[in-house]
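*Asks:* Model the structure of this input:
(one chain, ligands or ions: 1)
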Amino acid sequence: MKKAICPGSFDPVTNGHLDIIRRAAATFDHVIVTILHNPRKAPLFTVEERLEMLRECTADLPNVSVESAQGLLVEYAREVGAQAIVKGLRPIQDFEYEWQMGLVNMLLNDKIETYFLMSRSEYSYLSSSIVRELASLQGKLENLVPPGIEERLRKKFAPKS
Ligand code: PNS
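*Replies:* Next up is the predicted model:
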């Protein structure tokens with residue numbers, strides 16, 4: 001059984017993330033989408049909210065489960081018996097950071113392979129931070145996130161009365 005982890009902050013999950021998750025699910029027997037802490041980021045949504053959103057958006061994928069974890073990604077992967085880490089790679093902006101992370105993870109455990117899936121061109125500009133910024137300014141989120149995620153963002157950024 002080939003098991004892969006799709007790790008990330010998912011704050012919130014975007015259509016770009018969902019495309020990578022779907023493609024990973026078509027390649028591996030089981031994909032565990034895992035919310036981990038990125039020390040470079042201060043999240044907008046709680047872990048519980050992100051778990052709920054990811055579970056809603058992947059409910060139609062029978063070989064995908066959603067979890068959260070603490071500590072090192074490779075340690076979690078080893079604990080759950082995953083042989084692979086799958087990440088999306090957007091042009092230029094992701095390369096240096098993802099390459100560094102991939103190499104550090106390989107140094108920590110070289111039995112776990114990192115696979116990069118090219119982001120589709122229509123999602124190559126898309127990130128959770130752009131989505132949060134747009135939402136905070138009441139911008140349109142159509143085609144960037146599923147409708148349920150848009151609704152939660154609208155609630156987060158609803159003007160206080
Ligand atoms: O969506 P992101 O923020 O790019 O995801 C990054 C994430 C959460 C996958 C990364 O920060 C991570 O792996 N965090 C767990 C701690 C870890 O294993 N770090 C790598 C070795 S220092």
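
*Asks:* Could you pull out the buried residues of the host helix or strand of E48?
*Replies:* Element membership of E48 [criterion: DSSP states H and E] is helix 47-57. Of all the residues in helix 47-57, those buried under the rule 16 or more other Cβ atoms under 10 Å are V47, R50, L51, M53, L54, C57. C-beta coordinates here come from the backbone N, C-alpha and C atoms, glycine included.

*Asks:* what ranges do the strands span in the chain?
*Replies:* In the chain, strands defined by DSSP state E lie at 3-8, 30-35, 64-68, 84-89, 113-118, listed in chain order.

*Asks:* Tabulate those (CSV), appending distance to the ligand, mean pLDDT and mean neighbour count.
*Replies:* Listed next are the strands of the chain as CSV, based on distance: least, Cβ to the nearest ligand atom, whole Å; pLDDT from 0 to 100; neighbours: other Cβ atoms under 10 Å:
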stretch, distance to the ligand, mean pLDDT, mean neighbour count
strand 3-8, 3, 98, 23
strand 30-35, 8, 98, 24
strand 64-68, 10, 98, 18
strand 84-89, 8, 98, 21
strand 113-118, 11, 98, 16
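
*Asks:* Tell me which of those strands sits nearest to E96.
*Replies:* Proximity to E96, assessed across these by Cβ to Cβ, is greatest for strand 84-89 (11.1 Å).
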